[in-house]
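J.: starting from these lines, generate the structure:
(one chain, ligands or ions: 2)
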Amino acid sequence: MSYKAGFVGLIGQPNAGKSTLMNFLVNEKVAIVSAKPQTTRRRSLGILSTKEGQVVFVDAPGLVQAHKGLNGFLAQEAEDVIGSSDVLWAVVSVDEAQAEDAEKVIELVAKQGKPWMGIITKVDLKEKSHRVMIIKDMIEKKGAKCFSLSVKSDDKELDEERKILIDEVMALLPESKAPLYDSELFTPDTVRYLSAEIVREKCFEFLHQEIPYSLAVRVMKFDEEGHNIPHLSFEIIVSKENHKSIVIGQKGQMIKQIGMEARREIEKLMGEKIFLELHVSYKENWFEQKSTMKELGYVVDDRKK
Ligand SMILES: Nc1nc2c(ncn2[C@@H]2O[C@H](COP(=O)(O)OP(=O)(O)O)[C@@H](O)[C@H]2O)c(=O)[nH]1
Ligand SMILES: [Mg+2]
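T.: Ligands and ions are numbered 1, 2, ... in the order given. The predicted structure is shown next:
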């Protein structure tokens, strides 16, 4: 049998469960997940290597329409993912706020002229189960196969579902002489970057309203030598002056909790104990400043506008 390899773009509304699905398929945490929409900012890659081939899942930021600052970056990331994928997955959740949202995603994916399939997520939400058939119908009418799953099902069932999804997607991938990435890797992202993303994920978990959406996390120190345990230090950049005291919290409670939870996960990622430090700083509307956006890795390519 020939070897296959390629990119599979996960396309869906914010909160559809794309990052959760990717982590599940590669069996590792490579993308951050949160109950709030639009947590994923930069595309993240999850690599799955088997004897038959290599699937590189690309978790795009959810579809957004705005075109300024951070939102402009997100919109372009999603567009780039669609353009550069070999196969597309329309990821639709049964609890999509509006039926039109599901339809929009399916139509967008179907019209690209690339091999694609539909995945319905969160089927454990029983009160929404009537929507599974409706969405399935929309997908099959456009000529693609449709699968549904919940990451909350029992392990045996999940193993079975993972196998089916991987077989199905392998069949759609192009042949390739060699893998695209080292087959030992789960993601090409660095531990440095993943650690900063974990800090950002914890901010999403504990902070409310617009605060987590308008903050960024930067690595200040990632020092694995010269100490008994690695010393990591991160800067949480907020965009409004009054956000600073909210992120810190009363008597530093909030920042302590974010730090504790982040440390626990980064230790899991690195496989060792670490020392973690968080600083909060204020940079007025950082996402409107080109230089700061660039420094943080959110760069919009102006030529495409
Ligand atoms: N009940 C249920 N919740 C899920 C499932 N998959 C994801 N979620 C939740 O849906 C929310 C959004 O997931 P996420 O992967 O961040 O969505 P993304 O924005 O599309 O990447 C999170 O709170 C997840 O825990 C599922 O199968 N069942
Ligand atoms: Mg996501």
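J.: C-alpha only now, for contacts and for neighbours.
T.: Will do.
J.: near ligand 1, which residues of the stretch 51-200 of the chain?
T.: Counting by CA under 6 Å from any ligand atom, the stretch 51-200 of the chain comes close to ligand 1 at Thr121, Lys122, Asp124, Leu125, Ser150, Val151, Lys152.
J.: what bridges to the first one?
T.: On the basis of DSSP bridges, Thr121 is bridged to Ser93.
J.: returning to what we had before: so among the residues of the stretch 51-200 of the chain next to ligand 1, which ones count as buried?
T.: Thr121, Lys122, Ser150, Val151 (16 or more other CA atoms under 10 Å).
J.: for Gln250, grab phi and psi.
T.: phi -60, psi 130 (degrees, to the nearest 10).
J.: any figure for the gap between it and Lys202?
T.: Distance of Gln250 to Lys202, given as CA to CA, to the nearest Å: 18 Å.
J.: more crowded one of the two?
T.: Remark: of Gln250 and Lys202, Lys202 carries more neighbours, 22 against 10, as counted by other CA atoms under 10 Å.
J.: host element of that one?
T.: Element membership for Lys202, per DSSP states H and E: helix 191-206.
J.: does any bit of that helix sit next to ligand 2?
T.: No - judged by CA under 5 Å from the ion, helix 191-206 stays clear of ligand 2, getting no closer than 10.4 Å.
J.: continuing past that helix, what's the next helix or strand?
T.: Next along the chain after helix 191-206, taking DSSP H and E as the criterion, comes strand 216-223.
J.: okay, buried residues for that next one please.
T.: For strand 216-223, using 16+ other CA under 10 Å, the buried residues are Ala216, Val217, Arg218, Val219.
J.: check stretch 98-113 too.
T.: Buried, per 16+ other CA under 10 Å, within stretch 98-113: Ala102, Glu103, Val105, Ile106, Val109, Ala110.
J.: so which of these sit within helices?
T.: Within these, residues falling in helices by DSSP state H are Ala102, Glu103, Val105, Ile106, Val109, Ala110.
J.: export those residues to TSV and tack on pLDDT?
T.: Listed next are these as TSV, based on pLDDT from 0 to 100:
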residue	pLDDT
Ala102	89
Glu103	90
Val105	90
Ile106	93
Val109	93
Ala110	94
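J.: what distance do you get for Thr50 to ligand 2?
T.: Distance of Thr50 to ligand 2, computed by CA to the ion, to the nearest Å: 25 Å.
J.: revised request: answer the last question for Leu48.
T.: Taken as CA to the ion, the span from Leu48 to ligand 2 is 18 Å.
J.: show me what contacts that residue?
T.: For Leu48, the contact set (CA atoms under 8 Å, 6 or more residues apart in numbering) comprises Leu25, Val26, Gln54, Val55, Val56, Phe57, Ser183, Phe186.
J.: okay, helices next: where are they in the stretch 1-150 of the chain?
T.: Taking DSSP state H, counting those that start in this stretch as the criterion, the stretch 1-150 of the chain contains helices spanning 18-26, 69-84, 99-110, 130-141.
J.: most packed of these?
T.: Comparing those by mean neighbour count (mean count of other CA atoms under 10 Å), helix 18-26 ranks first with a mean of 23.
J.: secondary structure class of Val247, three-state.
T.: Recorded secondary structure, Val247: helix (DSSP: H, G, I helix; E, B strand; the rest coil).
J.: tell me, how many neighbours does it end up with?
T.: Quick note: Val247 (other CA under 10 Å) scores 27 neighbours.
J.: let me see the contact set for it.
T.: Going by CA under 8 Å, 6+ apart, Val247 touches Leu207, Met254, Ile255, Val280.
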